[in-house]
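[1] here are the coordinates; sequence isn't available:
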């Protein structure tokens, strides 16, 4: 039996798969964390903030999930330092 033209010219259907993660530039990470550029690069170099280099030089991206994990870990680390008395009470918090 012959196929109809519509059937053979139909675009392939894509199977539903996991959504791709949102990728952030290091400048976007800097803005989210409200810190300076050298600190963001230091976090990436140390491995504390997971990032990947794509293509050429200085094309770095951080998955949104990895940035959120870093933020959560920073809060946890700070809570432990406060509980251990490593952050004095007279320390002021920035506005």
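    Done, it's in. Quick caveat: nothing in here was measured; it's all calculated off a predicted structure. Numbering: from 1, shown residues only.
[2] all contacts plus neighbour counts: C-alpha atoms, from now on.
    Will do.
[3] How much space separates residue 48 from residue 85?
    Residue 48 sits 23 Å away from residue 85, going by Cα to Cα, to the nearest Å.
[4] Check what pLDDT residue 10 gets.
    We have a pLDDT of 63 for residue 10.
[5] same check, this time on residue 95
    52.
[6] now residue 3
    Per the predicted model, pLDDT is 54 at residue 3.
[7] related to what we said a few turns ago, which one of residue 48 and residue 85 has more residues nearby?
    Neighbours were counted for residue 48 and for residue 85 using other Cα atoms under 10 Å; residue 48 has more, 13 against 10.
[8] helix, strand or coil for the more buried one?
    At residue 48 the chain is in coil, as set by DSSP: H, G, I helix; E, B strand; the rest coil.
[9] Tell me which residues touch it, please.
    residue 70 (Cα atoms under 8 Å, 6 or more residues apart in numbering).
[10] Now the phi/psi pair for it, please.
    The phi/psi pair for residue 48 (degrees, to the nearest 10) reads phi -70, psi -40.
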